[in-house]
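S.K.: Give me the fold of what follows.
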Amino acid sequence: MTDYPSAPDYDPNTAATLFEDATWEKSFASEPNGGNCVEVNLGEGGLVGVRDTKLTRSPVFVFDAGEWQAFLIAVKAGQFDLPGT
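M.R.: Predicted structure coming up:
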């Protein structure tokens with residue numbers, strides 16, 4: 001089991017403390033002005049943080065390695081594509 005706050009203790013507004021500030025990465029597809037993109041942080045112990053690029057104090061969503069892998073597979077398979085795109 002991953003060693004990060006359990007669901008009752010999880011607070012996306014303070015989860016950023018689990019990640020180094022300097023290791024956030026913007027999407028290569030991000031527009032110069034921030035666009036509608038997210039930043040990802042591949043943290044210690046297999047944790048992955050995700051936050052909004054446009055909000056300097058954005059809440060951080062935390063995934064373990066298995067959850068992140070499942071999410072990426074679903075994205076690549078088109079599970080989250082909008083209808084008609």
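S.K.: what about the one helix or strand in the chain whose mean pLDDT sits lowest, distance to the chain center?
M.R.: Here the helix or strand of the chain ranked lowest by mean pLDDT, DSSP states H and E is strand 25-26, holding a mean of 88. Distance of strand 25-26 from the chain centroid (C-alpha atoms, centre = their mean, to the nearest Å) equals 10 Å.
S.K.: From the contact counts, what lies against it?
M.R.: Under the contact definition 3 or more C-beta pairs under 8 Å, 6 or more residues apart in numbering; DSSP states H and E, strand 25-26 sits against strand 38-42. For the C-beta atoms, the positions are set from N, CA and C on the backbone; glycine is no exception.
S.K.: Partner strands of the least confident helix or strand of the chain and their direction?
M.R.: Strands that pair with strand 25-26, judged by DSSP bridges, come out as strand 38-42 (antiparallel).
S.K.: Show me which residues of the strand it pairs with are buried.
M.R.: By neighbour count on 16 or more other C-beta atoms under 10 Å, the buried set for strand 38-42 is 38-41.
S.K.: Return the residue spatially closest to N13, with its sequence-adjacent residues excluded.
M.R.: P59 (5.3 Å; C-beta to C-beta, 6 or more residues apart in numbering).
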